[in-house]
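Visitor: Structure here, sequence nowhere to be found:
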């Protein structure tokens, strides 16, 4: 397929992953279609990461940002995005690997679906664990998820290295100032942020990313949870602060007719699943304060469920 020219940026965030970093950079360099720019952000590593990075900065499309102070993953996302010039931004953790066809396949998808703002793909775990993780076996149009994110905090996305987002979406929420809140799991900011500012999300079923499982992988091993038993409680308040910042930055307010807006958002998913209907049903029931609209919204939701079912558009789990 002929790909229309879209400028691409790959942001590689690194902290003390010198032993894996070269593989990650090589995987970005060895794509069947080349990235216009690769930006490596080193978060003040104390190993020999800087020496590993120096071998690549002589290449024309590779840039590096060497931070003087360790500030965590969100800070690296902020710095990388501010330096990036691409129309679509791709994110890669320094211990993960792209398959050679990743960029070409993803760009083909963006070209086929001009309305697409955000893509995440299936991935393969390797290293200490070997398995493939797929949300579904087919590609999915996930529609919009502003209401689901705002009222339920739903997390519609995947790990950092599977994510790509249009620049026009990211600039609505990055940079984010509260970097201490997101030293780890900053992909939450990308996923929730894109949803809140109205990104239309898609999922690609082909596993095109290799997610490395190793002893220093904080998220997979849940090391931070072992250290802090109150992590999830604190994460709730961090999420609250993040949402408030993004809403204020974009002058967003709560919808006047929640039930009506929820139903319209559900309809942006071409083939909704049972869980999608349940999600919006809960939102209307719990958060629509007008009793008339609550009842009407529930009735309209059930009516749409039956209509979708009879039309054969309902996607069974």
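Guide: That came in fine, so what should we check first? None of these values were measured; they are calculated from a predicted model.
Visitor: For residue 97, give its distance to residue 28.
Guide: 9 Å (Cβ to Cβ, to the nearest Å). Quick note: C-beta positions are derived from backbone N, CA and C, even for glycine.
Visitor: Would you confirm that residue 266 contacts residue 277?
Guide: Yes. Assessed by Cβ atoms under 8 Å, residue 266 is found in contact with residue 277 at 7.2 Å.
Visitor: Which neighbours do those two have in common?
Guide: residue 301 (Cβ atoms under 8 Å, 6 or more residues apart in numbering).
Visitor: Which one of the two is surrounded by more residues?
Guide: Ranked by neighbour count (other Cβ atoms under 10 Å), residue 266 and residue 277 place residue 266 first, with 24 against 19.
Visitor: who's in contact with that one?
Guide: Applying Cβ under 8 Å, 6+ apart, the residues contacting residue 266 are 143, 272, 276, 277, 280, 301, 304.
Visitor: can you name the two of those that are farthest apart?
Guide: 143 and 301 (15.2 Å; Cβ to Cβ).
Visitor: Tell me how far the residue nearest to the spatial centre of the chain lies from residue 270.
Guide: Ranked by distance to the mean C-alpha position of the chain (Cα atoms, centre = their mean), the top residue is residue 191 at 3.9 Å. Counting by Cβ to Cβ, the separation of residue 191 from residue 270 is 21 Å.
Visitor: cool, residue 281 as well?
Guide: For residue 281, the distance to residue 270 equals 19 Å [Cβ to Cβ].
Visitor: and those two? which has more neighbours close in?
Guide: Taking other Cβ under 10 Å, residue 281 and residue 270 do not tie; residue 281 has more neighbours (17 against 12).
Visitor: Torsion angles phi and psi at the more buried one?
Guide: Note on residue 281: its backbone torsions stand at phi -60, psi -40 [degrees, to the nearest 10].
Visitor: Excluding chain neighbours, give the residue nearest to it in space.
Guide: Nearest residue to residue 281 in three dimensions, chain neighbours excluded: residue 301, at 5.8 Å (Cβ to Cβ, 6 or more residues apart in numbering).
Visitor: wouldn't that neighbour be in contact with residue 278 here?
Guide: No. The criterion here is Cβ under 8 Å, and residue 301 misses it with residue 278 at 10.0 Å.
Visitor: So which of these two has more stuff around it?
Guide: Each of residue 301 and residue 278 has its neighbours counted (other Cβ under 10 Å); residue 301 has more, 19 against 11.
Visitor: Which other helices and strands does the helix or strand where that one lies contact?
Guide: Using DSSP states H and E, residue 301 falls within helix 291-310. With contacts taken as 3 or more Cβ pairs under 8 Å, 6 or more residues apart in numbering; DSSP states H and E, helix 291-310 sits against helix 258-266, helix 274-287.
Visitor: re earlier: if I look at the residue nearest to the centre of the chain, how far off is residue 213?
Guide: The value you get for residue 191 to residue 213, if Cβ to Cβ is used, is 21 Å.
Visitor: And for residue 59?
Guide: Residue 59 is 29 Å from residue 213, by Cβ to Cβ.
Visitor: Okay then, goodbye and thanks.
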